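**Student:** Can you look at this prediction? I've put the sequence above it.
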Amino acid sequence: IKSEQGRAAQWLRDANDRAGRVYYNLQVARWVYATNITKFNGERQHNASIMSAEFDREAAENATSFAWENFTDSDLRRQFRKISDVGSAALLRKDKAKYERLISLVTKMETTYSEGQVCDKKGTCLDLEPGLTRLMATSRNYSELLDAWKGWRDATGRKIRDDYKEFVSLSNEAAVENGYRDTGDYWRSWYDTADFRDQLEQLYEEMKPLYLNLHAYVKNKLKAKYGESLFPPSGHIPAHLLGNMWAQSWNNIFDIVEPFAGKPSVDVTPKMKELNYTPRRMFNISDEFFTSLGLEAMPQEFWDHSMLEKPTDGRKVVCHASAWDFYNKKDFRIKQCTDITMDDLITVHHEMGHVEYYLQYKEQPVVYRRGANPGFHEAVGDVLALSVSTPTHLKEIGLLDNVTNDNESVINYLMSIALDKIAFIPFGYLMDQWRWGVFNGSIKFEEYNKEWWKLRCKYQGVSPPIHRNESDFDPGAKYHIPANTPYIRYFVSYVLQFQFHEALCNTANQTGPLHMCDIYRSTEAGAKLGNMLKLGSSKPWPEALEKVTGTRNMSANAILLYFKPLIDWLKVQNQGQTITWSEECPIEYY
Ligand SMILES: C[C@H](NC(=O)O)C(=O)O
Ligand SMILES: [Zn+2]
């Protein structure tokens, strides 16, 4: 069997080299389309996708000529197992026309989303970025917010409802062909964790008290701002008042909910504008943080070929920010319609965290150039952003003039981070609860929207501000549904990133409270993180987690430790208040 393993290892090396070239061509075609949406570029992307899927399927076919399951070399077995998992390309074997339809539907839905606009009576039209995003963040006019909220859903979700239904059945057919019960079963397999759903539920329950207390406090502040009469008696918050199109991150309403007035502002957006910040400068700040840890700088190709701003030459692009690996160990890019806001400075770090991961594992075989699990990939940049966001760091880079460290400033600061990280928890959890339900058939097409709002009302405690029905398709108004990007990875990331932050802060000998830790310039912390990132997906994720944190399990303890002072303060604020809401949506809205 020794000689067969030798032959198999050689075959793998060749297959990985060929894969690198095929994936490079695919990424180039996808990039050209995403940064210039035209019919021609769409066809070119489609053809490249077919060629890549054919390649994957053929490689999986050839892999069966080796008795790899009996190999003694566990790394060979792991590589063969990954090469044998072709994902939706399994549908090619059964029915090429169906596979072509499947990928065409995703492109069509993602394009509809990316071209979505809301036009007012005077004919002024706003795109999602930056127009509607700015409006949702800055408007304090109930009906103006409502028009944008409804208009966006009319321009996107409503238009792709039937496409999504067809997509679901084709995607499930592909998953079954690939050996899984349905698409959700396949997506969860990437975590290789038998009781994954139970672990997620457990983590959600542990963080729920934090969310309930934040929700109650924010609701009271919003009632004071907009008037009690606009809030349903069920205890829900109308979904359009949270400063974000999906109510998934509430930091843009910090001014409404600020615990203690008169403290140095934690929102550095005005300062960024005052200093004439450019997108390039925002990316340089992030790049410099990575190199301060001794991690890899963005290569020249990154600066030469990335799209850091929304084009002004009339090209239509996919604005949703993303990071790209071209699998040739040289080309790595970010595509982002960067706005000069603190929100986008955080997103810059998030996307650059993906590229740092690509750079760290670029010497791995192509099959291992992935996150240890998808949640790891989403966590990297956010870990650094937790340090960047501290008042002391913002002062160090000139975005904050003075820092006060009294208790009230600490509460203000923790509130600003909680409005992003805690507010997100139920949304990050429910997105794929809905999608897994759709894929496993427990959520029927005739109830797509009703079941979506049941989850939104139950977990997030937000309700539709106007009547919804089954011609609406509100999940389709969130990028990841039309673009078919799984979402539980962000929920996992929000748990992991605080575990990483706590571990790296210890390594960096940061002895103060966790929420004030800044690992900037700690090459020890950088080395520990880099050594984990280098693994890619070559080892089971508990092993990668252990390399940084010493534990093999996800745990909510770090995020609860980080926010402890805030949770104690919120409990006092909410004393005597009802901090829950009725599970059902307020009837008059659905
Ligand atoms: C949290 C998630 N981030 C991302 O897509 O990069 C989102 O924006 O919904
Ligand atoms: Zn991401």
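**Tutor:** Everything's here; your move. Residues are numbered from 1 along each chain as shown. Ligands and ions are numbered 1, 2, ... in the order given.
**Student:** Please list the residues of the stretch 201-350 of the chain that sit near ligand 1.
**Tutor:** For the stretch 201-350 of the chain, the residues in contact with ligand 1 (C-beta under 6 Å from any ligand atom) are 321, 350. No exception for glycine: its C-beta is placed from N, CA and C like everyone else's.
**Student:** Where does pLDDT dip in the stretch 201-350 of the chain?
**Tutor:** Along the stretch 201-350 of the chain, no part satisfies pLDDT under 70.
**Student:** Mind telling me which residue of the chain is nearest ligand 1?
**Tutor:** Tyr490 (4.4 Å; C-beta to the nearest ligand atom).
**Student:** quick one: that residue is in a strand?
**Tutor:** No: secondary structure of Tyr490 (DSSP: H, G, I helix; E, B strand; the rest coil): helix, not part of a strand.
**Student:** How are the helices of the stretch 1-150 of the chain distributed by residue range?
**Tutor:** Ranges of helices in the stretch 1-150 of the chain, per DSSP state H, counting those that start in this stretch, are 2-34, 39-63, 74-84, 90-94, 96-114, 133-138, 142-155.
**Student:** can you redo those as CSV with distance to ligand 1?
**Tutor:** Listed next are these as CSV, based on distance: least, C-beta to the nearest ligand atom, whole Å:
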stretch, distance to ligand 1
helix 2-34, 14
helix 39-63, 20
helix 74-84, 24
helix 90-94, 26
helix 96-114, 13
helix 133-138, 11
helix 142-155, 14
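**Student:** would a markdown table of those helices with mean pLDDT and mean neighbour count be doable?
**Tutor:** Shown next, in a markdown table, are these (pLDDT from 0 to 100; neighbours: other C-beta atoms under 10 Å):
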| stretch | mean pLDDT | mean neighbour count |
| --- | --- | --- |
| helix 2-34 | 96 | 17 |
| helix 39-63 | 98 | 17 |
| helix 74-84 | 97 | 17 |
| helix 90-94 | 94 | 20 |
| helix 96-114 | 98 | 19 |
| helix 133-138 | 98 | 19 |
| helix 142-155 | 98 | 19 |
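**Student:** got a list of what the residue of the chain closest to ligand 1 touches?
**Tutor:** 375, 378, 424, 428 (C-beta atoms under 8 Å, 6 or more residues apart in numbering).
**Student:** Identify the farthest-apart pair in those residues.
**Tutor:** With C-beta to C-beta as the measure, no two of the contacts of Tyr490 lie farther apart than Gly375 and Phe424, at 13.3 Å.
**Student:** Just the strands from the stretch 401-550 of the chain, written as ranges.
**Tutor:** 462-463 (DSSP state E, counting those that start in this stretch).
**Student:** Could you pull out the helices in it for me?
**Tutor:** Going by DSSP H, counting those that start in this stretch, the stretch 401-550 of the chain shows helices at 407-439, 448-455, 488-507, 523-533, 541-549.
**Student:** now the third one: mean pLDDT?
**Tutor:** In this model, helix 488-507 carries a mean pLDDT of 98.
**Student:** what does the second one give?
**Tutor:** Per-region confidence: helix 448-455 scores 97 on mean pLDDT.
**Student:** So what touches that helix?
**Tutor:** Contacts for helix 448-455 (C-beta under 8 Å, 6+ apart): 161, 164-165, 430, 433-434, 437-438, 443, 463-464, 468-470, 472-475, 584-585, 590.
**Student:** Near ligand 1, which residues of the stretch 351-500 of the chain are found?
**Tutor:** Counting by C-beta under 6 Å from any ligand atom, the stretch 351-500 of the chain sits next to ligand 1 at Tyr490.
**Student:** Output stretch 227-239 as PDB - backbone C-alpha positions only.
**Tutor:** This file holds the C-alpha atoms of stretch 227-239, laid out as PDB (Å, rounded to 0.1, in the frame of the first residue of the first chain):
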ATOM      1  CA  GLY A 227     -43.200  58.200  20.500                       C
ATOM      2  CA  GLU A 228     -44.700  55.200  22.300                       C
ATOM      3  CA  SER A 229     -47.700  55.000  20.000                       C
ATOM      4  CA  LEU A 230     -45.500  53.800  17.100                       C
ATOM      5  CA  PHE A 231     -44.500  50.600  19.000                       C
ATOM      6  CA  PRO A 232     -46.700  47.500  19.000                       C
ATOM      7  CA  PRO A 233     -48.000  46.300  22.400                       C
ATOM      8  CA  SER A 234     -46.300  43.000  21.800                       C
ATOM      9  CA  GLY A 235     -43.000  44.400  22.800                       C
ATOM     10  CA  HIS A 236     -41.300  44.300  19.400                       C
ATOM     11  CA  ILE A 237     -39.200  47.100  17.900                       C
ATOM     12  CA  PRO A 238     -40.300  48.200  14.400                       C
ATOM     13  CA  ALA A 239     -37.500  46.800  12.100                       C
END
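**Student:** dump the residue contacts of the nearest residue to Ala544 once chain neighbours are set aside.
**Tutor:** Sequence neighbours aside, Ala372 is the residue nearest to Ala544 in space, at 3.7 Å (criterion: C-beta to C-beta, 6 or more residues apart in numbering). Applying C-beta under 8 Å, 6+ apart to Ala372 gives the contacts 532, 535-537, 539-541, 543-545.
**Student:** So Ala372: helix, strand or coil?
**Tutor:** coil.
**Student:** So it versus Met352, what's the distance?
**Tutor:** 19 Å (C-beta to C-beta, to the nearest Å).
**Student:** what's the answer for Asp154, then?
**Tutor:** 34 Å.
**Student:** What of Pro391?
**Tutor:** Distance from Pro391 to Met352, by C-beta to C-beta: 22 Å.
**Student:** Ok, Lys94 next?
**Tutor:** Lys94 is 40 Å from Met352, by C-beta to C-beta.
**Student:** Also Tyr24?
**Tutor:** 21 Å.
**Student:** What of Thr133?
**Tutor:** 20 Å.
**Student:** do the same with Met516
**Tutor:** For Met516 relative to Met352 (C-beta to C-beta), the value is 23 Å.
**Student:** Could you check which of these two has the larger neighbour count?
**Tutor:** Met352 (27 against 17; other C-beta atoms under 10 Å).
**Student:** Give the full set of residues in contact with the more buried one.
**Tutor:** 283, 286-287, 290, 298, 323, 334, 381.
**Student:** Show me what counts as buried in stretch 198-217.
**Tutor:** 199-200, 203-204, 207-208, 210-217 (16 or more other C-beta atoms under 10 Å).
**Student:** Could you do stretch 435-453 as well?
**Tutor:** 435-439, 443, 448-453.
**Student:** And that stretch, end to end?
**Tutor:** 13 Å (C-alpha to C-alpha, to the nearest Å).
**Student:** Over to stretch 124-132?
**Tutor:** One end of stretch 124-132 to the other measures 12 Å (C-alpha to C-alpha).
**Student:** just stretch 79-89 next, same as before
**Tutor:** End-to-end distance (C-alpha to C-alpha), stretch 79-89: 18 Å.
**Student:** got a list of contacts for it?
**Tutor:** 8, 12, 15, 52-54, 56-57, 59-60, 63-64, 66, 68-69, 71, 99, 102-103, 171, 174-175, 178, 186, 365, 367-368, 537.
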